[in-house]
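> Provided below for reference: sequence and predicted model.
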Amino acid sequence: MDVISANSGGTWALTTLASSNAINDALKTRAGSDAVTGSGYLGQVRKAFEQLPRFGEFDGALSYLNYLMSAEGGYNYNWQPLVEDLTYRPAPDTPNGPFISDQVLNWTEGKPLVFATGLSAAKADGRLLPPQPLVVAQNQQALLFVNDVEAVARSNNIPEQAQLIPLSLELNSNSAPGSIFRIPGSNQAGIDYQSSAGLIRTTTPIRSSGDASKLPLTFPSVMSSAALSPLGNSVPGQDAGNLAPLVGMARGTILSYPSTLELNNEQEAHASALQRGLIRSMDGGFIDNSSVAYGLSTLQNDQGLNDNFKISSFISKAESPDENWSDVQLNNGESIKLPFDVTMLFGIGLDGEPLPDSDSYIKQDLFPPIMQPNAVLFEADALTGLASSPDWSYQLDGTEWELQRWSIDVTTTENKTFDIPAGIEGEISFFILSNPASDSMAFNSDVLDQYDQNYNNYRDALNTAEGSRLIEEAFNF
């Protein structure tokens, strides 16, 4: 195994698995694995959810998340407090140290761990999308705090209309100092700053790669999880501290800024933003929710991409194939449904039609829609040439719970966003879990029960003779 990449909630699992001795020790034995949903990690996660304010009073994940991130709920769109309470406190031995190799366990040695995130890159009408205010500067006339300075990131290989640019945070990187940030596909990047009144405009170049060792170990997962943060920008007068995670990228180093910077006036705020290289970070799922593009880009950057590469991608969907999955018209005249996270990598949209040839396009499974940079990696005929059923599947009787495995021989297509060359042949295997009874965020105890079911059923599936063989193959055991 050469590279492990993750996005959003996958980075929560990556951080804990890479750093928590307690979780690793539990998974080494059957008794410890059995206890995960009871006294173990998932049991502690259940307690953390049940202690959230008004848990169980809402009828959906989105409505509950919006409540939690309101002033009454006590959290915010920065995500850091919520991620810490729900993910890292249930694993109390997760180190509270820097983003460096010394903080992770021996099994990760020599394997770059890639956290997929992004930087806000363009402004849309209605202020529903990035960029977001960076600092709070005092209005000397009204004696009010107003959000006065905004920023947009840019890079040479990202089209102007794209609303994010990808950012990889890589631990155990082969590049010095071993813990780096990288803007894939870029050798020229910068940040443009503008006051809300448009009276002050400045720009500063930023390095396309640099030192990430000053970040806290758990902060890359916060940056990769900022799923609802653009929505916060639609609230008039929103305190900038409640918005997406704020980082500074000056002098080749990336730093976290958990607290809002409050300065006396707009000129001072603007100068501070420029000096610190301030920018808002965004969920990598707005670009590539599978994180496959990020992982392949890291492999290309570290070693160069060669024929016969192998990728294993694990995707979990809290929906059935009939809900918001893409139609794929096969060469044999039949059709199948696969998650957009999969078909997007082959240039196929939700409606089964080819995605635009341009370097950016609407990410079709998000609302509000975001203009994402191109994350298409593979030629489409590899997908349309599939058989009409997966190589292997495991279903739970009497439910819609299903785990599918699809293995696809692929050929890369040129991707300037992630610096992927064309014509490299390899194989990608998708393990796709679908459970419509589950949800992306637990808002009541029934969803927590489904999390336990997901864990237990996945174990049962992989303990079958064929499941065991396939997982051994996936991890090259």
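Yep, that arrived.
> What lies in contact with the helix or strand hosting V83?
Element membership for V83, per DSSP states H and E: helix 80-83. Residues outside helix 80-83 that contact it (CB atoms under 8 Å, 6 or more residues apart in numbering): 12, 68-69, 75, 218-219, 221-222, 225, 245, 258. Backbone N, C-alpha and C define where each C-beta goes, glycine included.
> nearest to I432, of the residues you listed?
W12 (19.6 Å; CB to CB).
> Moving C-terminal from whatever helix or strand the closest one lives in, which element do we reach first?
W12 is part of helix 9-19, with elements assigned from DSSP H and E. Remark: after helix 9-19, the chain's next helix or strand is helix 21-27, criterion DSSP H and E.
> Flag every buried residue along stretch 254-270.
Residues 254-257, 260-261, 263, 266, 269-270 are the ones in stretch 254-270 that count as buried (16 or more other CB atoms under 10 Å).
> Helices - which of those land there?
Members of these lying in helices (criterion: DSSP state H): 266, 269-270.
> and those as a markdown table, adding distance to D211 and pLDDT?
A markdown table is the format used below for those (distance: CB to CB, whole Å; pLDDT from 0 to 100):
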| residue | distance to D211 | pLDDT |
| --- | --- | --- |
| E266 | 30 | 79 |
| A269 | 26 | 86 |
| H270 | 25 | 88 |
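> What is the nearest of these to A18?
Checking those one by one against A18 (CB to CB), the nearest turns out to be A269, at 37.3 Å.
> check contacts around the closest one.
By CB under 8 Å, 6+ apart, A269 lies in contact with 134-137, 148-149, 261, 263.
> just Q275 next, same as before
A250.
> Distance check, it against G248.
Using CB to CB, to the nearest Å, Q275 is found at 9 Å from G248.
> now swap in L62 and tell me
From L62 over to G248 the distance is 31 Å, taken as CB to CB.
> Which residue of these two possesses the greater neighbour count?
Neighbour tally, L62 and G248, criterion other CB atoms under 10 Å: the higher count belongs to G248, 21 against 15.
> wait, isn't that one in contact with L255?
Yes: contact status for G248 versus L255: in contact at 4.6 Å, counting by CB atoms under 8 Å.
> Please enumerate the shared neighbours of those two.
Shared contacts of G248 and L255, defined by CB under 8 Å, 6+ apart, comprise R276.
> list the contacts for L433?
314-317, 402-403, 454, 458.
> what pLDDT does it get?
For L433, the model assigns a pLDDT of 96.
> Determine the three-state secondary structure at V447.
helix (DSSP: H, G, I helix; E, B strand; the rest coil).
> check contacts around it.
61, 438-439, 441.
> Nearest to S101 among the residues you listed?
For those, the nearest to S101 is M441 (31.5 Å; CB to CB).
> quick one, phi psi at the residue lying closest to that closest one once chain neighbours are set aside?
Excluding the flanking residues, the one nearest M441 by CB to CB, 6 or more residues apart in numbering is A61, at 3.8 Å. Here is the backbone geometry of A61 (degrees, to the nearest 10): phi -70, psi -40.
> What about P53, how many residues nearby?
12.
> Please list all residues in contact with it.
So P53 contacts 68, 72-74 (CB under 8 Å, 6+ apart).
> let's see it at 7 Å
P53 makes contact with 73-74, according to CB atoms under 7 Å, 6 or more residues apart in numbering.
> So for it, what pLDDT did the model give?
For P53, the pLDDT comes out at 97.
> likewise G126?
Looking at G126, its pLDDT is 51.
> Thank you, goodbye.
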